[in-house]
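Engineer: next one to model:
(5 chains, ligands or ions: 4)
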Amino acid sequence: MQTILKVQNLKKYFPTKKKGVYVKAVDEISFDIFEQDVFALVGESGSGKSTTAYTVVGMYEPTSGKIFYKNFDISYGVDKRPLKLKQEIQIVFQDPGTSLNPSKTVLQIIGAPLTIHKKLRGKSLIEEVLKLLEMVELPSDYLYKLPRDIGGGEKQLIAIARALAPQPSFIVLDEPTSALDVSIQAKIIKTLLRLKEELKLTYLFITHDLSLVRNISNRIAIMYLGKIVEQGPTDRIFSDPAHPYTQMLLSSIPVLTKDEEALKPKHIESTGEIPSPVNVPPGCPFHTRCPFAKQICREKEPPYVEIEPGRIVRCHLFSNGTDGSSKDEEEVQTWS
Amino acid sequence: MSMWVYIIKRIIYSIGVLFGVSILIFIISNIVPGDPARIALGPRAPDWAVKRLRKEMNLDKPIVERYFLWLGNLLKGDLGESLRSRRPITKDISEYLPASLEIIALSAFFMATIGINLGRLSARFSDTWLDGVIRIVSYIGIVTPAFVWAILFALIFSYLIPIFPTTGRISPGITPPPRITGSYIIDGLLTGNFKAAFDTLWHIILPALALSMGGAAQAARMTRASMVDNAEKDYILAAKAYGIPYKLIYKKLLLKPSLIAPISIMALDIAALLGNAFLVELVFLYPGFSRYGVEAMLHKDLFAIISVVLIIGVAYTVANVVIDIIIAYLDPRARMGAEQNV
Amino acid sequence: MYNEEASMVLLARAAQRDRIKRAWYRFSRHKLSIVGLIMVLSIVFIAIFAPYVAPYPEHAGPYVDFGSACEPPSLAHPFGTDAMGRDILSRVFFAFRDALLMGIVVLIIVVPIGSTVGLIGGYFEGKWFSTLIMRITDVFLAIPPLVLALAIAALLRPTLLNSMMAVSVSWWPWYARLVYGMTISLKNEPFVKAAELQGMNKFKIMFSEILPNHLGPILTKMTLDMGWVILTGASLSFVGLGEQPPTPALGTMVSDGAKYLPTYWWISVFPALMIVVIILAFNLLGDGVREMLTSGE
Amino acid sequence: MDNFDNIALKIENLRVYYKVYKGVLKVLDGINIEVMKGERVALVGETGCGKTTTLKSVMGILAKNAILTSGKITVMGEKILEVDEERIFQKRPKGVAMVFQDPTAALNPVFTIGEQLDLVVRYAAGVTTNVKEHAINALKLARLPDASRIYTNYPFQLSGGMRQRVCIAMALAANPNIILADEPTTNLDVTIQDQVLKLLKRLSTEKELAMILVTHSLGVARETCDRIYVMYAGTIVEYASSEHIFKNPLHPYTQRLIASIPRLTGEGIAEGIKGRIPDYLNPPKGCRFAPRCEFATEKCFNSKPPLYEVEKGHFVACFLYEKKSEVTHPNADNS
Amino acid sequence: KYESIIRTTEDWPTYIDPAVGSDFSDCIAIVNLYDSLVFPNHDGTVRPHLATHWKVSPDGKVWTFYLRKGVKFHSGRELTAEDVVFSTKRLLTMGEGFAYLFEPFIEDVVALDKYTVQFGLKKPCGPFLSMLVRLYILDKEEVLKHIQSGPYGKYGDYGRKWLLEHDAGSGPYMVEEVKMEEYVLMKKFDDWWGGWEPNAPEYFKEMATADPVTIRTLVAKRELEITDELQPMESYEAMAKIPGVKVIRFVPGGMNLNVMMNTKKPPTDDVHFRRALAYATDYETVAKKIFPGSLVARGPVPQTLPGHDPTIKPWEFNLEKAREELKKSKYWGKLDKYPVTLSWCAEVPEEEKIALMLQANFAKIGVKLEITRKPFGSMIADAQSIETTPNLSLIFVAAHYMEAGGMLATRYHSKSTGTWEQCEWLMDPEIDRMIEDALATVDREERFKKYYAIQRRLVELCPTIWLIDRAETRAYQAEYVYWPVAEWVKKGEKIALPLGYGLYAHDMKVFPEKRK
Ligand SMILES: Nc1ncnc2c1ncn2[C@@H]1O[C@H](COP(=O)(O)OP(=O)(O)OP(=O)(O)O)[C@@H](O)[C@H]1O
Ligand SMILES: Nc1ncnc2c1ncn2[C@@H]1O[C@H](COP(=O)(O)OP(=O)(O)OP(=O)(O)O)[C@@H](O)[C@H]1O
Ligand SMILES: [Mg+2]
Ligand SMILES: [Mg+2]
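Structural biologist: Ligands and ions are numbered 1, 2, ... in the order given. The predicted structure follows:
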């Protein structure tokens, strides 16, 4: 398995109106994505998922840290990236309503990357767009429709077709279905999985829906307040969630059947509010809501601990009370 | 607290804009043909007198130097001398400005009361005949220029049915009150000269009404629009569902959030009156600031033009700050937003 | 292949037609919009064919007849005659020409300039040149259009062209600010980001991705502004800065006629009403356009 | 069914249309819902199926362009809506409170929580003394920490979860017997959603509140409610106890919907439902799901299926079950 | 308190400082506030005023005036020769207002004793007495008391700022209040040396003029006693219908209306072209319809002004002759390439009618006239250079003193080019010489003969289309106001009064009890 994307100690801070105070949207995260993986980034709203995604695609420049795409350093904004890279990495946004230009027809929308990257024009452009429409199973009479005449699910399919247009190998999917109904979601997920196989794509899939992740990804990273608190293979995380936050998330999922119920950790209940990323509490950011919080959690940031191969947790419960700060970095180094 | 910081920032920023305004208008009025000194002294004045005046006015210096000389004087509170009235402009303005502000204050009052109440009524009875009538009335209000109203009002209310005085600021037989603020009404009330205060009020009703028609109509429509809009919002539906009386909803719960837009627009309208009222002031022969400005422009009264435009700029700035304060009063998000976000 | 292409063209046309039909439907939902449209079309028609529809076209030119001065409205002169014995109706018809010309020319100058400034300012928000041009815009905005126009017009020679210039100078910032505001709110929309990420060039993003989305508000503002520009023009001519006699201008007709109030009321009242009619027409049209562009299905 | 006196809310044959420029949207097509005292009922369905419209009809706050063409609603035995040929009888229901979908939109942005709560206490609960105390009590009931501070806050100063709880507190302040909760957790994070749902559940149990929980999440419905009504395009297609629905979904729509939901157990994802929801302008004459249904017969396209009671308390509106059960007239249990 | 008042309107601004003001509206105030050495009679001659008698040296260069004793300023001080010297020097130093009249002539002025003052002239000045009407005497001490910093050395600003809103005169009225852009209110000076007749107005108020509707309303409400002369004809007609109001018309001899032709700018640089235009002008319509009551002009000098040549032949309206002249001009055949520009003064709306009439008539002979309405300020600016001066300027000119010489000098002497009073740019050395010569002639008869010669020469050169000698039209409250001018008009007398003297409030009477 080849690493296609490598994120190292990525930080993205946004300045606030107050001088010297930052929104720590993404705070020192590291992960690897392997070829043809579906890597899921999970977390509640404001945890920094989109920021991570946007930094990967180049919408933001990292505050610090590195991003490598196929061993190629891409830790800078889109303006400085070569055109080739813009073709390789694509993104599908969360809201199908805003990600399509309301004043353009489907042909123009899907055609834009084709004219830029493939220099297609006229007839060949139309043909190529039709091919893409077919790929996402939309009829050809959509060519001249405007986004406002199209339903939400189909809009998202068009956004996917646009992402596929320049023949990328890596697609970031930022909550592509969270604005849609489950029945439509099913259809879109199916399509995405099919295309992944057909076109040998790699996905960075962002969502807050753990049940969905369970069904499509092979590796997961769980974010809380800008930090990855736990990551590892999907099966392992679901069968044995390590971090209290992961457990809380899992136990909060409303499920349909007893079988599923059985999979939910029972012993943890959600309490408290998510703090704002501007006032990240000292120590472990989760300690305000954690039922297992100890004194150390309020004082020291927990280190990264690799509890199983490829499975990392950031929690004092697993650090055996050792001093995290120095080990922190070591862990990351050895792991990456 | 942070709100005041914000307003102070706004003021500082506006001062920057005013500098820009002064440069702009200084340049415009200085590159035009015609020698202001010659115009001022009249045709028969000998050349040496003109030259002397040019020197006095610094017209013989390069424009950049002139600007800074002017700026220096401005900071000392000296706007220069009007070529037309031959007096310090500060003095002219101290006479015209209060007169204009009186009218503007009254129009603001008319705008707010007429506009908001009509809008409220219209929203409360939306889609009924009353709404239709108000809609048409406000349309006419919006599209009819103030000077047309002025002519009509003058024709009807002081010529055909002479209940209001035609012109001027105070009746010839009445002694204006001694100057304290420059406003006859306020000074009259302060000094117990109620007759003068009332007479002045009587004089400004028609012009103020003419000036307020457009803004009032606009405000009525905006108030109606945002009230009808907000009436469909969940929080109003909730209030209705909880059985809160309609009267209370329309007077309080719905009105307050709906006033932000009309009030902002109204404040700008009112500030604009200072400059745009001249046609109305002309019709009513009212010794207002706007008319002074137009006369200055028509007579190339250099420093007077600059001062007038600058003061209108200041009025805009003030209006904007006032808008901020009013909105902050109406909308807690604006008032406390800054604290919250940090 | 040929057939497919042809059917594509047909499809495109049908889509286009459908869009127009729907827009018209939304527009025509309010009867007043149609009234506005008809009024505007009539005004344009009258302006273009003034020499043919005016009962006394020569009265718009160098013509005086003191013998028939100040005649009240009659069948021969529906709006009466002025102090020079000229037919007011005919002069009003001709005055539509300058009024429309004023509005159109000013908007043609102002909209592209304002939009470009606003686009650049909004899209590059935070960059020094954006700050600079928006500050300059603020400076112009701090002075009401009529005052600025008046100052400039007073300093220039009183011709129609100059007054159009004067109005333009004071009008573009409003478009700049409108477009600026809209651009700022749009530039972080995912669809713009998507275009950036594809590597579309900035110029194209501004003008072909962002601008078309502003067309609605711009168009609405234009129709509404048309009336106000004409009014500003009339106000300038009211104080004698604008088109020169004998060419009729509505503002001049009102201000000159005001001297004859109330005896010869028709001299000023009819032109004043015509100003109201023009503004009303464009406002009704503008409301219809707004309705058409903003209301949902 | 159950004793008449036990019925908290009864909606019968409710038809609500919306007039739009294209014509009339025939949205609600004869809805029947019954809620017992102290019972929690879920109304589930995808976007636009008419859930909110149903609740708004009960509250009497339908949009201006809504047309009531038929229906009868009774709250605690009191008739609050009846449509017959000549006239529409409608009055505000007493003892019913509604929690809106979007807590941000449901709170007036320019008044403090306290000001808004006070009005509710005063007018909905009719309490005129110690108003503030009542209000603060309601906040405490809704498990809001630091209630007296929140009382003085503006909505924007609170987080989403807190705002939703304020809305719940407001509903509680009205002293209701019935709470209509319209997707109260859609805008919340999973862990916060969990908290809010648990709160609602606890409150309804403690205070014996009847509750209609509108949601599009079957999972939420199952975990919170006793019975579930499944709605499709303005019709109730199936209802039963939570257990039954999932154990034995009958209606093809319910089946497909349940299959579309990703499972924690990770058995992959079904195809979803092909086709689109019908156009309310010209809804299918017969079963509204027929155009998307793989089992549809001609009959389905021509006539509306009545509700068949397939198991005890498990009703489904589908001709597939015509044989297997006796027909229940929608208004049968009214007498 | 205000019952006994005469109110009149005039164009603003009004400068009440006699060393600054010189316009119609300034003069109205100044003549009432200040006294001069001699006073104009309404036939154009002068009579003793502050000076009881005077002497002139045979070479016409030394003039000695003997002052009236016991004349009191408003401050109570007695007026002496010192004040005359001070006032003269102040006027000449400041160089504004009427200084231009005296500047070319007065060499020095000295007080021989308390009541004797002597003017030494640079050259003989025939109409010196007529000019002296415009030398107003200020209270030296009062002025010195109110000096502020300014450009005049030890005199600072020469009291200029203060005198904008106060007076330092000895005239029959004194300033009560000055309200910028609005009015100057004057109160009767009870101690005036000339004495008072009963019913003389207690107050005299000069107000800024307003739009015609307002003026009419004011008249109807009896809030205005004498209107200005700037109203449109229709307005006067309407006011004449108000009971008790009379509209009077008179040709005050001081003012004529000219179409000044820029003789240095094509196509009006061609004398034949100019004559063609003069023939294409409908004088009768202007005199009858547009400015009713006016006289068709007879040459450059108003007919009622002493020194006018009664034998002179005016141009006539004759399109045939116009075409003939046009054929003689070098622009014949290419007229369309030379449109003629005309500016008219926005402040006088009636001029538009003339402009339009000219346009219509010129069109008949194939001359295209482009007309521009301009605020007077702009016209003044335009007149400053040949290039900016339009081909035709429609301008009223008033005599500054009651003799043809003054008019001729300001209108046609090269020295006055660049001002609005000479938009002709005539610059004819011969005319210059003739004017200088005439002015230096002390003997009245001889001087007048020289004036005639100049007028004849000017008609030949045709630099101007002299339209009318303007009738002044004013409405006044005949019912309760006695106004000498109206009486003279009634008697059919010729009136040749310098600007402002028609509104000399001292000679008016008001009967408030008759006001209703
Ligand atoms: N451009 C920005 N400027 C300032 N703050 C930002 C910016 N973008 C994001 N943030 C802040 O950073 C934090 C993380 O945001 P991000 O959008 O990455 O979260 P998310 O996990 O994607 O949330 P969601 O599920 O709501 O999309 C949030 O608190 C957000 O307010
Ligand atoms: N005022 C209205 N005018 C026209 N159509 C309306 C109106 N209100 C709702 N509708 C339409 O009626 C249908 C049902 O709306 P409703 O809000 O009841 O659905 P819902 O089930 O609550 O959906 P959601 O899950 O999105 O809240 C939708 O198609 C909606 O577009
Ligand atoms: Mg996100
Ligand atoms: Mg809903």
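Engineer: what's in contact with the host helix or strand of residue E:410?
Structural biologist: Assigned by DSSP states H and E, residue E:410 belongs to helix E:404-412. With Cβ atoms under 8 Å, 6 or more residues apart in numbering or on different chains as the test, helix E:404-412 has contacts from B:44, E:101, E:126-127, E:130-131, E:300-302, E:305-308, E:397, E:399-400, E:415-416, E:421-422, E:424, E:426, E:428, E:431, E:435, E:438-439, E:447-448, E:451, E:454-455, E:458, E:463-464. Heads up, the C-betas are built off the backbone N, CA and C, glycines and all.
Engineer: low-confidence ranges in chain A?
Structural biologist: Within chain A, the segments meeting pLDDT under 70 span A:320-336.
Engineer: which helix or which strand is home to the residue sitting nearest the centre point of it?
Structural biologist: In chain A, the C-alpha nearest the mean C-alpha coordinate belongs to residue A:206, at 3.0 Å (Cα atoms, centre = their mean). Following DSSP H and E, one finds residue A:206 within strand A:202-207.
Engineer: count the residues that sit near residue D:305.
Structural biologist: 23 (other Cβ atoms under 10 Å in any protein chain shown).
Engineer: that one and chain A, how far apart?
Structural biologist: Distance, residue D:305 to chain A, using Cβ to the nearest Cβ, to the nearest Å: 21 Å.
Engineer: for that residue, helix, strand, or coil?
Structural biologist: coil (DSSP: H, G, I helix; E, B strand; the rest coil).
Engineer: pretty sure it sits against residue D:296.
Structural biologist: No. Contact criterion Cβ atoms under 8 Å: residue D:305 and residue D:296 do not qualify, at 10.7 Å.
Engineer: any common contacting residues for those two?
Structural biologist: Jointly contacting residue D:305 and residue D:296 under the rule Cβ under 8 Å, 6+ apart are residue D:287.
Engineer: point to the residue nearest the middle of chain E.
Structural biologist: Nearest residue to the geometric centre of chain E (Cα atoms, centre = their mean): residue E:398, 3.5 Å.
Engineer: show me what contacts that one?
Structural biologist: Contacts for residue E:398 (Cβ under 8 Å, 6+ apart) come out as E:24, E:254, E:255, E:499.
Engineer: from those residues, which land in helices?
Structural biologist: With DSSP state H as the criterion, helices contain residue E:24 from among the contacts of residue E:398.
Engineer: filter the contacts of residue E:398 down to just the ones in strands.
Structural biologist: If you go by DSSP state E, the contacts of residue E:398 have residue E:255 in strands.
Engineer: redo the contacts of residue E:398 as TSV? Include distance to residue A:105, pLDDT and neighbour count.
Structural biologist: Shown next, in TSV, are those (distance: Cβ to Cβ, whole Å; pLDDT from 0 to 100; neighbours: other Cβ atoms under 10 Å in any protein chain shown):
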residue	distance to residue A:105	pLDDT	neighbour count
E:24	72	87	22
E:254	79	76	29
E:255	75	85	23
E:499	77	87	23
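Engineer: name the nearest residue to the residue in the stretch 1-150 of chain D that chain A sits nearest to, sequence neighbours excluded.
Structural biologist: Proximity to chain A, evaluated over the stretch 1-150 of chain D using Cβ to the nearest Cβ, is greatest for residue D:46 at 4.3 Å. Nearest in space to residue D:46, with sequence neighbours left out and distances taken as Cβ to Cβ, 6 or more residues apart in numbering or on different chains, is residue A:181 at 4.3 Å.
Engineer: quick one: the one you found and residue D:47 touch, right?
Structural biologist: Yes. Between residue A:181 and residue D:47 a contact is recorded at 5.5 Å, counting by Cβ under 8 Å.
Engineer: point out the residues in chain C that sit beside chain E.
Structural biologist: When proximity is defined as Cβ under 8 Å from any Cβ of the partner chain, chain C approaches chain E at C:62-64, C:66, C:70, C:83-84, C:157-158, C:240, C:244-246, C:256, C:258-264.
Engineer: in stretch D:192-203, what's buried?
Structural biologist: D:192, D:193, D:194, D:195, D:196, D:197, D:198, D:199, D:200, D:201, D:203 (16 or more other Cβ atoms under 10 Å in any protein chain shown).
Engineer: and if you look at stretch E:102-119?
Structural biologist: Within stretch E:102-119, the residues scored as buried using 16+ other Cβ under 10 Å are E:102, E:103, E:104, E:105, E:106, E:109, E:111, E:115, E:116, E:117, E:118, E:119.
Engineer: could you list which of the residues you listed belong to helices?
Structural biologist: Secondary structure from DSSP H places residue E:102 of those in helices.
Engineer: does ligand 1 sit close to the following helix or strand past the strand holding residue A:206?
Structural biologist: Following strand A:202-207 in sequence order, the next helix or strand is helix A:210-216 (DSSP H and E). No. On the criterion Cβ under 6 Å from any ligand atom, helix A:210-216 is out of touch with ligand 1, staying 13.4 Å away.
Engineer: so which residues of the stretch 1-150 of chain D form helices?
Structural biologist: With DSSP state H, counting those that start in this stretch as the criterion, the stretch 1-150 of chain D has helices at D:51-59, D:103-106, D:113-123, D:131-141, D:147-152.
Engineer: so how far is residue C:16 from the residue of chain A most remote from its centre?
Structural biologist: Distance to the chain centre peaks in chain A at residue A:123, reaching 36.3 Å (criterion: Cα atoms, centre = their mean). According to Cβ to Cβ, to the nearest Å, residue A:123 and residue C:16 sit 19 Å apart.
Engineer: give me the distance from stretch B:77-96 to the chain's centre.
Structural biologist: Here stretch B:77-96 is found 20 Å from its chain centre; the criterion is Cα atoms, centre = their mean, to the nearest Å.
Engineer: quick revisit: any idea how far chain B is from the residue nearest to residue D:46?
Structural biologist: Distance, residue A:181 to chain B, using Cβ to the nearest Cβ: 22 Å.
Engineer: count of neighbours near residue A:240?
Structural biologist: 14.
Engineer: want to throw the buried residues of stretch E:102-119 into JSON lines with distance to chain D and pLDDT?
Structural biologist: Output for the buried residues of stretch E:102-119, formatted as JSON lines (distance: Cβ to the nearest Cβ, whole Å; pLDDT from 0 to 100):
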{"residue": "E:102", "distance to chain D": "74", "pLDDT": "91"}
{"residue": "E:103", "distance to chain D": "73", "pLDDT": "88"}
{"residue": "E:104", "distance to chain D": "77", "pLDDT": "87"}
{"residue": "E:105", "distance to chain D": "79", "pLDDT": "91"}
{"residue": "E:106", "distance to chain D": "78", "pLDDT": "93"}
{"residue": "E:109", "distance to chain D": "79", "pLDDT": "94"}
{"residue": "E:111", "distance to chain D": "81", "pLDDT": "95"}
{"residue": "E:115", "distance to chain D": "84", "pLDDT": "94"}
{"residue": "E:116", "distance to chain D": "86", "pLDDT": "95"}
{"residue": "E:117", "distance to chain D": "81", "pLDDT": "96"}
{"residue": "E:118", "distance to chain D": "85", "pLDDT": "96"}
{"residue": "E:119", "distance to chain D": "81", "pLDDT": "95"}
